[in-house]
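Colleague: Below are the sequence and a predicted model for it; my questions follow.
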Amino acid sequence: MTITRLEKLVASLRTSDLDAVALNPGPTLTYLTGAHFHLMERPIVLLITREADPVIILPQMEILKVEQMPYHVQAFPYGENPSEWEAIFRKAAQTLGLDGKRIGVEPSRMRLLEFRYVKAGAPEADYPDASDILGSLRLRKDKEEVDTMRKAVKVAQDALEGTLPYIKIGMTEKELAAELVTQLLKHGSEPELPFSPIVSGGPNSASAHASTTNRKLQAGDLLVIDYGASVDGYVSDITRTFAVGEVETEYEKIHNIVQQANAAGRAAGKPGVPCAEVDKAARTVIESAGYGEYFWHRTGHGIGMETHEEPYIRGDNMQLLEPGMAYTVEPGIYLPGRNGARVEDNVVVTETGSESLSDLPRGMRVVG
């Protein structure tokens with residue numbers, strides 16, 4: 001599997017204007033090698049070219065991970081003295097003949113720390129954005145990836161069900177978030193979650209990306225819980241909205257509209273359909289109900305090894321959906337200073353349509 005991924009990248013390089021790519025620790029490096037490295041004060045860079053075997057520069061303490069990679073990678077390990085690191089990077093770059101070449105990088109991933117060492121090794125090289133090539137590499141998930149994402153969804157759904165009985169009026173958003181994290185770990189999530197859970201009640205729920213606070217849950221609140229799990233390097237991202245006790249009729253109404261918009265967005269996805277059409281399907285429901293001005297963000301984003309990746313489900317994105325693409329559908333209505341509602345599911349495109357990996361009840365449930 002991983003060898004096929006490397007071959008696919010090399011084939012893309014040969015038809016591009018790039019001579020190589022430089023990757024530091026992150027999803028793409030893991031996707032290509034199966035190895036997990038952490039970003040830290042010691043730089044780690046994987047160099048992949050059109051012809052030669054890949055090269056990795058890394059601390060000596062990490063060398064055993066290279067032996068576990070599924071194909072030959074030439075390692076350039078270094079010790080603890082930072083004054084010696086630049087020479088190791090220079091030697092690696094010279095081995096591949098990279099100076100003066102075009103070395104693609106991931107702008108959202110490559111840190112200044114690693115970039116300075118790579119540039120020291122190949123000072124006359126150009127460093128263009130390689131997002132298109134690297135993004136397309138992970139865009140279509142295979143069956144094994146989808147199955148892993150399905151596991152991440154199940155862990156998340158089981159964890160939320162395990163959390164709901166603990167919700168009480170008067171507990172703080174942070175207390176609820178702490179219980180949810182505990183349940184995520186108990187049900188099998190990796191400790192490094194895709195993101196910190198967003199738990200927002202009442203006026204805080206009217207912010208799409210609220211910060212979880214010490215505000216206490218009150219009767220009449222809408223409670224938005226946006227969270228996910230990590231399993232074997234893949235993530236889930238789910239949102240459900242609850243009623244804390246009895247809520248106003250309008251809040252029930254906006255939740256029902258959001259639920260209908262979510263259903264419309266999920267139904268719209270199929271091969272050959274532009275991402276913009278999925279956004280339009282969900283947005284039209286909310287606009288037709290008179291709440292269009294309160295739906296402030298895109299309908300969704302790609303998901304896989306990262307919480308946010310391609311494809312992006314927004315109104316101006318004419319990228320066509322293909323089998324294996326995975327994304328979220330998460331419409332919302334946010335009434336400033338009052339309450340907000342969002343319902344989010346994880347969807348994968350199939351050969352004939354699309355499938356929601358998440359099936360947690362979407363109707364408004366009462367808690368507290």
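Modeller: It's in.
Colleague: quick one: least confident helix or strand in this protein?
Modeller: helix 2-14 (a mean of 89; mean pLDDT, DSSP states H and E).
Colleague: Just the C-alphas of it, formatted as CSV.
Modeller: In CSV, the C-alpha atoms belonging to helix 2-14 read as follows (Å, rounded to 0.1, in the frame of the first residue of the first chain):
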residue,chain,number,x,y,z
THR,A,2,2.6,2.5,1.1
ILE,A,3,4.9,1.6,-1.8
THR,A,4,2.1,2.4,-4.2
ARG,A,5,1.7,5.8,-2.5
LEU,A,6,5.4,6.6,-3.0
GLU,A,7,5.3,5.5,-6.6
LYS,A,8,2.3,7.7,-7.2
LEU,A,9,4.1,10.7,-5.8
VAL,A,10,7.2,10.0,-7.9
ALA,A,11,5.0,9.7,-11.0
SER,A,12,3.4,13.1,-10.2
LEU,A,13,6.9,14.6,-9.8
ARG,A,14,7.9,13.4,-13.2
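Colleague: For Q74, give me phi and psi.
Modeller: phi -80, psi 120 (degrees, to the nearest 10).
Colleague: quick one: buried residues of the least confident helix or strand of the chain?
Modeller: 5-6, 9, 12-13 (16 or more other CB atoms under 10 Å). C-beta coordinates here come from the backbone N, C-alpha and C atoms, glycine included.
Colleague: now swap in stretch 122-137 and tell me
Modeller: So stretch 122-137, judged by 16+ other CB under 10 Å, has buried residues 122, 125, 127, 130, 133-135, 137.
Colleague: Contacts for it next, please.
Modeller: 5, 8-9, 12-13, 16-18, 21-23, 28, 31-32, 93, 98-108, 115, 118-119, 309-310 (CB atoms under 8 Å, 6 or more residues apart in numbering).
Colleague: same deal with stretch 314-325?
Modeller: Looking at stretch 314-325 with CB under 8 Å, 6+ apart, the contacting residues turn out to be 139-142, 146, 269-276, 278-280, 283, 298-299, 302, 310-311, 348-351, 354.
Colleague: mind redoing it with 7 Å?
Modeller: 139-142, 269-276, 279-280, 298, 311, 349-351 (CB atoms under 7 Å, 6 or more residues apart in numbering).
Colleague: still on that earlier bit, ok, the helix or strand following the least confident helix or strand of the chain: who's next to it in the sheet?
Modeller: Counting by DSSP states H and E, the next helix or strand C-terminal to helix 2-14 is strand 20-23. In the sheet, strand 20-23 lines up against strand 45-49 (antiparallel), strand 103-104 (parallel) (DSSP bridges).
Colleague: between those, which gets nearest to R365?
Modeller: R365 lies closest, by CB to CB, to one member of those: strand 45-49, at 46.0 Å.
Colleague: Taking helix 2-14 as reference, get the angle to the closest one.
Modeller: 60 degrees (axes from the mean of the first three to the mean of the last three CA atoms, to 10 degrees).
Colleague: So which elements touch the helix or strand just after strand 45-49?
Modeller: Following strand 45-49 in sequence order, the next helix or strand is strand 55-59 (DSSP H and E). Counting contacts by 3 or more CB pairs under 7 Å, 6 or more residues apart in numbering; DSSP states H and E, strand 55-59 packs against strand 45-49, strand 74-78, helix 85-96.
Colleague: could you flag which of the contacts of stretch 314-325 are buried?
Modeller: Buried, going by 16+ other CB under 10 Å: 139, 141, 269-271, 273-276, 279-280, 298, 311, 349, out of the contacts of stretch 314-325.
Colleague: before we move on, back to that, tell me the buried residues within the contacts of stretch 122-137.
Modeller: Buried among the contacts of stretch 122-137 (16+ other CB under 10 Å): 5, 9, 12-13, 16, 18, 21-23, 28, 31-32, 93, 98, 101-106, 115, 118-119, 309-310.
Colleague: All the helices of the stretch 251-368 of the chain, residue numbers only.
Modeller: 275-288 (DSSP state H, counting those that start in this stretch).
Colleague: Do a quick rundown of the strands in it.
Modeller: Under the criterion DSSP state E, counting those that start in this stretch, the stretch 251-368 of the chain contains strands at 300-302, 309-313, 326-329, 332-335, 339-342, 345-349, 354-356, 365-367.
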